[in-house]
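Chemist: I would like to see how this sequence folds:
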Amino acid sequence: MAKLNQIVALVQGARAEANKITAPLFHTVKNPVLFAGMTQVYTPAEEGGERLPDDNTAVRHTVDEILAAFRKPNARMLDLMSTNENANTEAFADVVVDGSVIIEHAPVTFLMPFQKFLEQEVRGIIRDLPVQDPAETWALSTSSRAGIYQAPSRETFRQQKVQEPLVLYQATDKHPAQTELITRDVIAGYWDKTRFTGTISQSRKDDLANNVERLIDAVKVAREEANSIDVDDKPVGDAVFNFLFRS
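Modeler: Here you go, the predicted structure:
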């Protein structure tokens, strides 16, 4: 009797070994020459005539040998796959974070893709979430739309240029006044500006990232627990190949 996690490792090794052994067989069966043999014995037409050596070509492979070579590693692989999949129907564990059950009685066949989803999808989107400008003080907005934050209002002014006459010389009884136009900036109005954002704080982002890592760790623990059950062998290889290769 073995543990499920041991069977999982054995399945992977058996599949690799089967592929390694059977891959050359597919090339062999496509070459009929390798299955052909021949014996030639020469007899001279007249007694005392020239004798030639016999010519022999041995059969290098037989179909029975090919099927036997194909059967052995694949039968073992099927036995291990059957044992593994049967055990998977009995392998369950709770996903627990800080004593709270997040997922109850989760099958190991769910936990494996679930861990991958957390590591690739959830972790990825949280990593790329935009955060609020730390130079501002943000507070939840009174907007009816959830997730909107606003910063304190700031007043700024708008300037515009105006031209005014500048008296260079006052008028006298002999000369008129001399002036020229000058340009200066004056305040034309005021802006009351409020910034809004749909982003989150850096601390909130850090919390989300931490939640993901804690749940991933919990799933790993649950997988280890589910994979630690004892499993019974469920051989099927002989039955399969006895049927397939029967005479």
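Chemist: Let me see the confidence value for the residue nearest to the spatial centre of the chain.
Modeler: Nearest residue to the geometric centre of the chain (C-alpha atoms, centre = their mean): Q120, 5.0 Å. As predicted, Q120 sits at a pLDDT of 95.
Chemist: On the three-state scheme, it is what?
Modeler: At Q120, secondary structure determined by DSSP: H, G, I helix; E, B strand; the rest coil is helix.
Chemist: how near is it to I182?
Modeler: 67 Å (C-beta to C-beta, to the nearest Å). All C-beta spots, glycine's among them, are computed from the backbone N, C-alpha and C.
Chemist: and what of L25?
Modeler: Where I182 is concerned, L25 sits at a distance of 98 Å (C-beta to C-beta).
Chemist: These two: which is more packed in?
Modeler: Neighbours per residue (other C-beta atoms under 10 Å) separate L25 from I182, with L25 holding more: 15 against 10.
Chemist: neighbours around the residue found closest to T62 once you drop the neighbours it is linked to in the chain, how many?
Modeler: Leaving aside its sequence neighbours, T62 sits nearest to F35 (C-beta to C-beta, 6 or more residues apart in numbering; 6.9 Å). Neighbour count for F35, taken as other C-beta under 10 Å: 15.
Chemist: a strand runs through R158, doesn't it?
Modeler: Yes: counting by three-state DSSP, R158 falls inside a strand.
Chemist: Which SSE is immediately downstream of the lowest-mean-pLDDT helix or strand in the chain?
Modeler: Scoring the helices and strands of the chain by mean pLDDT, DSSP states H and E places strand 2-3 at the bottom, with a mean of 71. Sequence-wise, the next helix or strand downstream of strand 2-3 (DSSP states H and E) is helix 4-28.
Chemist: I'd like to check what contacts that following helix. Which residues are they?
Modeler: Residues outside helix 4-28 that contact it (C-beta atoms under 8 Å, 6 or more residues apart in numbering) are 2, 34, 61, 66, 69-70, 72-74, 76-77, 80-81, 83-84, 87-88, 91, 108, 224, 226-231.
Chemist: Just the buried residues of the residues you listed.
Modeler: 61, 66, 69-70, 73-74, 76-77, 80-81, 83-84, 87-88, 91, 108, 226-227, 229, 231 (16 or more other C-beta atoms under 10 Å).
Chemist: what residue ranges in this protein score low on pLDDT?
Modeler: Residue ranges of the chain with pLDDT under 70: 1-2.
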